[in-house]
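K.L.:
sequence first, then the predicted structure, then my questions.
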Amino acid sequence: MTKTQKTALITGASSGLGVELARLHAQNGDDLVLVARSVGKMESLKEELEKQYGTAVTVIGKDLSQPTAPEEVYEEVKRLGIEVEYLINNAGFGGRGTFAERPMEQELMMIQVDIVALTKLTKLYLPEMISRGHGRILNVSSPAGEMPGPLQAVYYASKAYVTSLSNAVWYEAKDTGVTVTTLLPGAMDSGFTRASDMQNTKLFEHMVSPAIVAKAGFEGMMRGKMTVTGGLTLMQKVFTNLTHFIPKKLLMKQIYEMQQLKNS
């Protein structure tokens, strides 16, 4: 592909979907800013992409659960003189268990990463993009944002926020040359799934490669689409489309059962 010399900033870039999105941008000829806690994994990815595609890769080790981390990322990128053309808010995590039993610290960290960091980075970069008349943002949400989620109450609520915010800002920016795309991935075989303790549930019986989801998100963002899905099975598509027609109590019963461990 033709070298564009544009830069993509990708959070959660040390594994899974973030790695695959980085590879797609490198193939597209874009330079990269990779942000995550696992510096070693990102350094390995940097070596791979620079060698294979000749792209320039900057690694920033940052824990986005820390309140000042988004501003610190922004200031570091500014200090390096890098203009971000593509902002990909991919960092996030979930966690299975009842709201009453899960540790408060974990729930607040989830809100900090899934909601606050995404909001801050979007808020920091969007005005610059609008000012110059071009730029694209991809916010990774989930079909979970379309419904309440017993056993992952905070995660589902956080994704409802991400989808609502991103769709609204897409509309606000639609005549500026800047787009905000929301990505709704299906169940992926990734570190996120294992960290969320979801790999042994009915909901994650059929998982897809993060590469499939990344391709859908990348292409949707490049076209400026408001919302794009990637890797959803036929059953997941049907279930998601029916969420607004199924009585909420029945819907929550089904979600609760699908998110219980199979051997429980």
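P.N.:
Now that the structure is in, tell me what you want to look at.

K.L.:
low pLDDT regions in the stretch 1-150 of the chain?
P.N.:
For the stretch 1-150 of the chain, the stretches with pLDDT under 70 are 1-4.

K.L.:
so where do the strands sit in it?
P.N.:
For the stretch 1-150 of the chain, the strands defined by DSSP state E, counting those that start in this stretch cover 7-11, 31-36, 57-61, 86-89, 135-140.

K.L.:
for these, which one ends up most surrounded?
P.N.:
Highest mean neighbour count among the strands of the stretch 1-150 of the chain (mean count of other CB atoms under 10 Å): strand 86-89, with a mean of 28. The way it works is simple: take the backbone N, C-alpha and C, and place the C-beta from them, glycine included.

K.L.:
can you give me the end-to-end span of stretch 145-162?
P.N.:
This stretch, stretch 145-162, spans 8 Å end to end (CA to CA, to the nearest Å).

K.L.:
and what of stretch 133-150?
P.N.:
42 Å.

K.L.:
contact partners of stretch 35-54?
P.N.:
3, 9-15, 18-19, 22-23, 26-27, 29, 32, 34, 55-57, 59-64, 73, 91 (CB atoms under 8 Å, 6 or more residues apart in numbering).

K.L.:
list the buried residues in that stretch.
P.N.:
By neighbour count with 16 or more other CB atoms under 10 Å, stretch 35-54 contains the buried residues 35-37, 41-42, 45-46, 49, 53.

K.L.:
looking at those, which is nearest Lys120?
P.N.:
Closest approach to Lys120 among those (CB to CB): Val35, at 12.5 Å.

K.L.:
so the closest one versus Glu50, what's the distance?
P.N.:
To Glu50, Val35 is 17 Å away according to CB to CB, to the nearest Å.

K.L.:
and what of Val19?
P.N.:
Separation of Val19 from Glu50 (CB to CB) stands at 14 Å.

K.L.:
check Tyr171 too.
P.N.:
38 Å.

K.L.:
about what we covered before: export the strands of the stretch 1-150 of the chain as CSV, with columns for distance to Thr243.
P.N.:
Listed next are these as CSV, based on distance: least, CB to CB, whole Å:
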stretch, distance to Thr243
strand 7-11, 28
strand 31-36, 32
strand 57-61, 37
strand 86-89, 24
strand 135-140, 19
